[in-house]
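In: only geometry, no sequence info:
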């Protein structure tokens, strides 16, 4: 066991670290309610008046809601496509013996560590020829494909653990293959689907690189990209800047607070042995 | 799900099974091949061509590679950026991942509030680099930023400086912000590694009178080798793909005087040009991408082999 002084020291170090992580976030949120003058002159103080003016400016004068809507649309669609395609493939790989099974699995896994940013030039040309530049659909296809290796990895691993008896019993009862997949396997896989979903949804939601290259029109921009637009426009109005940052961080932070366990498990999956 | 798959009598069960498996695999394979495999392979082809805008105008052999590696003014920029990526990697290994290892050890003790500490540490990890980058850019502002104002408030006014604006501190500031953003990730990887160590091993060492420090260095550190392998490889790949943070906090040219220039920024500028200069070259860009890709692949494969040897079964 730890000696009491050691425990106290560890607790103190951990508390200081937590403070170091949370304080900047707290200052960001508090500054969203201050005037720019207040931020300049008393950066550490609480707001004199909790003013909603900065948030109002974001609401009225920027396209924040449109950016947010695009992020939701792109993330949800990519994850839906990715989970559907990935689970079907994983099901074939996990539950059927066929020639080439191992090779196909390895082909998917090879995509795990590939930094797709480096293929942005061919992607750009390919999407251009498909007329999918400046299109949210183009973004969705890239994201869904990018998420497939980890999805196949997570789902194959999980589906392999489901006992064969369940499947055999259903088969004896005359259930078709599609029915076994839809009625037995997918409902049982829900925890793994959540892990694979979060693992990819967070990086997609936060991504800036692909929209930077692939999206040009303001109406199609996602939230991180839109943020760079109004950070430029309001560069001297710090109150508005902090309000913009706070609002942008808010959606995912709220979900994280509610689902921190799943978030941590999802984002570290693959890096942490179950 | 059931209805669409008709079962005509002329198909043998064997053929039917093969079609079913093919149908399951097809959507994922098409997506992966179309938007990951083909683009990556194309980059290798494109690197050997001369480009004008979006069009290939002729075969170039190894010319693009030669320009990048050996021809001024490109070569200086390439090696300068590469050197910064190495610095970023080494610094993150020490600052970010070293901190993470010790934090994980302290978290593993199950002290009061350890769950709260854990969730707080991981909070920045879930936020976009764009948010983190802008936030710290404001904090590091020379006049009104939180950092300098804080230094002045505690009587260290002489330490206040233009962190992002001078060559001596710009890259280091970016590295520290990156460490702040991501430290929670390696911490939790290490924590999981530590929690896998059988309690008996640590208890036996304690009974034998091994000090806390000796247990950390002689037992915990060797036994979390699998976690270290993962952390090293992910940090390596991340460091050589570094783009968003320097783009947001410094700018596309890696200012001041290219002291924060890294391969990611240099690649983007080469491929897509900058605001001030629309000069773009897909040939040199692809060559650069191919070189970075091969470098990451080769070094990762080599290190995985090397690091795996440190891992012991228990």
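Out: Great, that's in hand. Bear in mind the structure is a predicted one, so any value in this text is a computation, not a measurement.

In: Can you tell me what sits against stretch B:108-119?
Out: Residues from elsewhere that reach stretch B:108-119 (C-beta atoms under 8 Å, 6 or more residues apart in numbering or on different chains): A:2, A:7, A:10-11, A:14-15, A:17-18, A:257, A:260, A:264, B:107, B:187-188, B:191, B:194-195. To be clear about C-beta, it is placed using only N, CA and C from the backbone, and glycine gets the same treatment.

In: go again using 10 Å as the cut-off
Out: Stretch B:108-119 is contacted by residues A:1-2, A:6-8, A:10-11, A:13-15, A:17-18, A:21-22, A:256-257, A:260-261, A:263-264, B:103-104, B:106-107, B:120, B:184, B:187-188, B:190-195, B:197, B:202, B:220 when judged by C-beta atoms under 10 Å, 6 or more residues apart in numbering or on different chains.

In: likewise stretch B:298-309?
Out: Under C-beta under 10 Å, 6+ apart, the answer for stretch B:298-309 is A:113, B:89, B:225-226, B:228-234, B:236-237, B:240.

In: If we use 7 Å, what do you get?
Out: Residues from elsewhere that reach stretch B:298-309, judged by C-beta atoms under 7 Å, 6 or more residues apart in numbering or on different chains: A:113, B:228-229, B:232-233, B:236-237.

In: go on, stretch B:14-22?
Out: Residues outside stretch B:14-22 that contact it (C-beta under 7 Å, 6+ apart) are A:92, A:96, A:98, A:177, B:7.

In: If I look at the second one, what pLDDT would I see?
Out: Listed pLDDT for residue A:96 reads 94.

In: Check the gap between it and chain B for me.
Out: The gap separating residue A:96 from chain B is 5 Å, by C-beta to the nearest C-beta, to the nearest Å.

In: Could you give me the buried positions within stretch B:48-65?
Out: Residues of stretch B:48-65 classed as buried: B:48-51, B:56, B:60, B:63-65 (neighbour count, 16 or more other C-beta atoms under 10 Å in any protein chain shown).

In: now stretch B:265-282: how far from the chain's centre is it?
Out: 22 Å (C-alpha atoms, centre = their mean, to the nearest Å).

In: Can you tell me which of the contacts of stretch B:298-309 has the largest number of neighbours?
Out: Neighbour tally across the contacts of stretch B:298-309 (other C-beta atoms under 10 Å in any protein chain shown): the maximum, 21 neighbours, falls on residue B:228.

In: residues contacting the most centrally placed residue in chain A?
Out: What sits nearest the mean C-alpha location of chain A, by C-alpha atoms, centre = their mean, is residue A:202, with 1.2 Å. By C-beta under 7 Å, 6+ apart, the contact set of residue A:202 is A:267, B:126.

In: In a helix, it, correct?
Out: Yes. Counting by DSSP: H, G, I helix; E, B strand; the rest coil, residue A:202 is found in a helix.

In: Please report how far it lies from residue A:150.
Out: The gap separating residue A:202 from residue A:150 is 12 Å, by C-beta to C-beta, to the nearest Å.

In: Give me the below-cutoff pLDDT ranges for the chain.
Out: Chain wasn't specified; assuming chain A. Under the criterion pLDDT under 70, the flagged ranges of chain A are A:273-274.

In: please go with chain B instead
Out: Using pLDDT under 70, chain B drops low at B:1-10.

In: Would you mind finding the longest helix in it?
Out: When chain B is parsed with DSSP state H, its longest helix is helix B:282-308.

In: Enumerate the positions of that helix that are buried.
Out: For helix B:282-308, burial by neighbour count (16+ other C-beta under 10 Å) applies to B:282-293, B:296, B:300, B:307.

In: still on that earlier bit, of the buried residues of stretch B:48-65, which belong to strands?
Out: Under the assignment DSSP state E, the buried residues of stretch B:48-65 contribute B:49-51, B:56 to strands.

In: Tell me which helix or strand residue A:148 sits in.
Out: Per DSSP states H and E: residue A:148 is located in helix A:136-160.

In: Spatially, which two of the contacts of stretch B:298-309 are the most separated?
Out: Maximum pairwise distance among the contacts of stretch B:298-309 (C-beta to C-beta): 16.8 Å, between A:113 and B:228.

In: Now, of the contacts of stretch B:108-119, which are buried?
Out: A:10-11, A:14, A:17-18, A:21, A:256, A:260, A:263-264, B:103-104, B:106-107, B:120, B:184, B:187-188, B:190-194, B:197, B:202, B:220.

In: neighbours around residue A:99, how many?
Out: By the criterion of other C-beta under 10 Å, residue A:99 has 8 neighbours.

In: re the thing from before, and the two most separated of the ones in strands among the buried residues of stretch B:48-65?
Out: B:50 and B:56 (7.3 Å).

In: so what sits against both of those two?
Out: What both residue B:50 and residue B:56 touch, as defined by C-beta under 7 Å, 6+ apart, is an empty set.

In: Near residue 248, how many other residues are there?
Out: Just so you know, I chose chain A. Neighbour tally, residue A:248, other C-beta under 10 Å: 27.

In: nope, chain B
Out: A count of neighbours around residue B:248, defined by other C-beta under 10 Å, yields 25.

In: now residue A:251: how far from residue B:59?
Out: Distance from residue A:251 to residue B:59, by C-beta to C-beta: 49 Å.

In: measure stretch B:241-252 end to end?
Out: Terminal residues of stretch B:241-252 are spaced 14 Å apart (C-alpha to C-alpha, to the nearest Å).

In: got it, and stretch A:174-187?
Out: End-to-end distance of stretch A:174-187 (C-alpha to C-alpha): 19 Å.

In: Can it be said to contact chain B?
Out: Yes. Stretch A:174-187 comes into contact with chain B (C-beta under 7 Å from any C-beta of the partner chain), by way of A:176-179, A:181-182.

In: residues from the stretch 151-274 of chain A in reach of chain B?
Out: A:152, A:176-179, A:181-182, A:202, A:206, A:208-209, A:213, A:224, A:227-228, A:231, A:238, A:241, A:245, A:248-249, A:252, A:256, A:260, A:263-264, A:267-268, A:271-272.

In: in the stretch 51-200 of chain B, which spans are helices?
Out: All helices of the stretch 51-200 of chain B, identified by DSSP state H, counting those that start in this stretch, fall at B:63-70, B:74-92, B:98-107, B:114-122, B:129-139, B:146-153, B:167-182, B:184-195, B:199-207.

In: How about the residues of the stretch 51-200 of chain B by chain A?
Out: So far as C-beta under 7 Å from any C-beta goes, the stretch 51-200 of chain B lies against chain A at B:54, B:103, B:106-107, B:109, B:111, B:117, B:119-131, B:134-135, B:138-139, B:144, B:146, B:149, B:185, B:188-189, B:192.
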